[in-house]
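Q: Please find the sequence and the predicted model below.
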Amino acid sequence: MKPSPPKITRRQALGGVAAALAMPAIVPDHVMAAPGRPGANERLVTAVIGPGGMGHNHVAPDCAALCDVDDRVLARAAKQISKGKPFLTKDYRRILDREDIDAVFVAAPDHWHALMTVHACEAGKHVYCEKPACRTAAEGKAMIAAARRYRRVVQVGAQGRSNAVAHQAAVYVRNGQLGRVNRVDIWHENNWETKEMPPNVPPPAGFDWNTWLGPAKKRPFHALIHPFNFRWYMDFGGGFIRDRGAHALSVAFWLLENDGYAGPVHVEATGRPQKQGIFDVPIGLDVTWKLPARDLTITWTQPGTPKLGSSWGEVYRGSDDSLIVAGGDGGCNTEEKAKSYRPGPGAKEVYLHPFPRNDATARHRQNFLDSIRSGKRPVMDIEPAVKVIMLGNLANLSYTLKRPLSFHFGRWKFIGEGAKALNRDHLSEPYRAPWKL
């Protein structure tokens, strides 16, 4: 499969980020009507890449196009569309070639997120990309640069920022009810295990395994990778620290107003490797991140002790009090003191996108669509989304290399001991030919 020629070079994408991040608010083309393009009050034409799994939530009744490498998924998703006949394809670039598409929802497996998002921005499409945003610093920088250069709205699907309960916790924390918060402890259940070393078998009929792999290393198909278990491989998913960790860390950065953090982070991770079977993420993982410019320590304990009936969540520890926030995606819970808190006059306000029903996923999607019309950044813009998931990426790398690491978000490079070799070998990972970022 030959990729379309990129519109920006790798050097431009990775070297021009500082200037791109300094650009003013996004002013998308779609705010002003043009031939084949809706204006601010007209319908946005959408497409979904990967409409199975989480992606099926984004298939609107009037969705114009669907892409998936599995014929069965395409057929099932097409039945969700009641207005018109959707364009169906196994090649996402055919969707990007269509001038009538305004926005795409990228819900392909994690290792595809960066490449599809960059290509979509280059093609003039706004992007809602499911979490986690990226696997490496190079991917993250390229995503930010593409969004800024092409003035596209890019929302990442960490819908905790559109959750009404998480919002109430944010109001509570930002208005000083805990005092100064300088520690967040995240707990989570273990990664999945298996005893199996499954035999290689032919992919199911109608399923394009080579395209599913895309830029990832070539390997034979077996049923313990697709459709769900790719999460337990470093090449594809990277475990819960990248999956639900993207949610938990997103909520933590949001509550603590930490999206603009541009200083160093020091990370150290240790874990318990898989003893048998084919999965290669650690069973359990213990991580400490230190953000010295913010005087903030964040920990990840796996397995951790469940709280408020949830297998994962965060504890915010301040100088005056602490607060539990359980979960942090579409579902969330917190302590009654935060739920019942009502700030007085002059209190800090925390934005929650207006929506007629209490559905975090639908509200998050609506925030994306409304941001395209208004030109404002969405609540989980690509830049903080990259910073959040880089914490998970760095933790996995620290575990793999068996050493602490230091990374600088302002420079987008490793710093400190061994930085030269780390920047040479671990800012990016090679893509399988012919795919290029």
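A: That came through fine. Worth saying up front: this structure is predicted, and the values here are computed from it rather than measured.
Q: C-alpha only now, for contacts and for neighbours.
A: Noted.
Q: any idea of the pLDDT on Arg11?
A: At Arg11, the predicted lDDT confidence score is 35.
Q: do the same with Arg242
A: Looking at Arg242, the pLDDT reads 98.
Q: can you check Ala223 too?
A: With respect to pLDDT, Ala223 scores 88.
Q: any idea how far it lies from Phe230?
A: Plainly put, Ala223 is 10 Å away from Phe230 if you go by C-alpha to C-alpha, to the nearest Å.
Q: Mind checking which of those two has more residues around it?
A: A side-by-side neighbour count of Ala223 and Phe230, using other C-alpha atoms under 10 Å, places Phe230 first with 20 against 16.
Q: Surely the more buried one is in contact with Gly237?
A: Yes. Judged on C-alpha atoms under 8 Å, Phe230 makes contact with Gly237 at a distance of 5.8 Å.
Q: what do those two both touch?
A: Common contact partners of Phe230 and Gly237 (C-alpha atoms under 8 Å, 6 or more residues apart in numbering): Pro109.
Q: measure Asp320 to Leu256 for me?
A: From Asp320 to Leu256 the distance is 15 Å (C-alpha to C-alpha).
Q: Over to Leu405?
A: 23 Å.
Q: Looking at these two, which one has more neighbours?
A: Ranked by neighbour count (other C-alpha under 10 Å), Leu405 and Leu256 place Leu405 first, with 24 against 17.
Q: and whatever helix or strand Asp243 lives in, how far out from the chain's middle?
A: Assigned by DSSP states H and E, Asp243 belongs to helix 240-255. The chain centre lies 9 Å from the centre of helix 240-255; the measure is C-alpha atoms, centre = their mean, to the nearest Å.
Q: going forward, begin numbering at 41 instead of 1
A: All right, first residue 41 from here; so that's helix 280-295.
Q: Direction included, what does the helix or strand that comes right after it pair against?
A: The C-terminal neighbour of helix 280-295 among helices and strands, as given by DSSP H and E, is strand 304-312. Within its sheet, strand 304-312 is paired with strand 324-331 (antiparallel), strand 445-448 (antiparallel), according to DSSP bridges.
Q: Mind putting these into TSV with distance to Ala177 and mean pLDDT?
A: TSV is the format used below for these (distance: least, C-alpha to C-alpha, whole Å; pLDDT from 0 to 100):
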stretch	distance to Ala177	mean pLDDT
strand 324-331	17	98
strand 445-448	10	98
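Q: Is it possible to get TSV of those that adds distance to Glu229?
A: Converted to TSV, those look like this (distance: least, C-alpha to C-alpha, whole Å):
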stretch	distance to Glu229
strand 324-331	8
strand 445-448	24
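Q: Those: which one's closest to Cys169?
A: Closest of the strands paired with strand 304-312 to Cys169 is strand 445-448, at 24.5 Å (criterion: C-alpha to C-alpha).
Q: Identify each buried residue in stretch 318-334, please.
A: Neighbour-count burial for stretch 318-334, with 16 or more other C-alpha atoms under 10 Å as criterion, is recorded at 318-331.
Q: Quick check: the farthest pair among the residues you listed?
A: Ile318 and Leu331 (34.7 Å).
Q: Sketch out the strands for the stretch 341-477 of the chain, chain order is fine.
A: Ranges of strands in the stretch 341-477 of the chain, per DSSP state E, counting those that start in this stretch, are 353-358, 362-367, 372-374, 445-448, 453-454.
Q: Ile281 touches Val428, doesn't it?
A: No. Ile281 is beyond contact range of Val428, at 10.9 Å (criterion: C-alpha under 8 Å).
Q: higher neighbour count, these two?
A: Neighbours were tallied for Ile281 and for Val428 using other C-alpha under 10 Å; the higher tally belongs to Ile281 (29 against 25).
Q: In contact with that one: list those residues for me.
A: Applying C-alpha under 8 Å, 6+ apart, the residues near Ile281 are Gly432.
Q: Distance of it relative to Lys119?
A: Distance from Ile281 to Lys119, by C-alpha to C-alpha: 34 Å.
Q: Can you name the residues that contact Ala147?
A: Val88, Ile89, Gly90, Pro91, Gly92, Met94, Gly95, His153, Cys169, Glu170.
Q: Count the neighbours of the last one for me.
A: Read it as Glu170. 20.
Q: Over to Thr157. Which of the three states is it?
A: helix (DSSP: H, G, I helix; E, B strand; the rest coil).
Q: same thing with the one 4 residues further on?
A: Here Cys161 takes the helix state, with states given by three-state DSSP.
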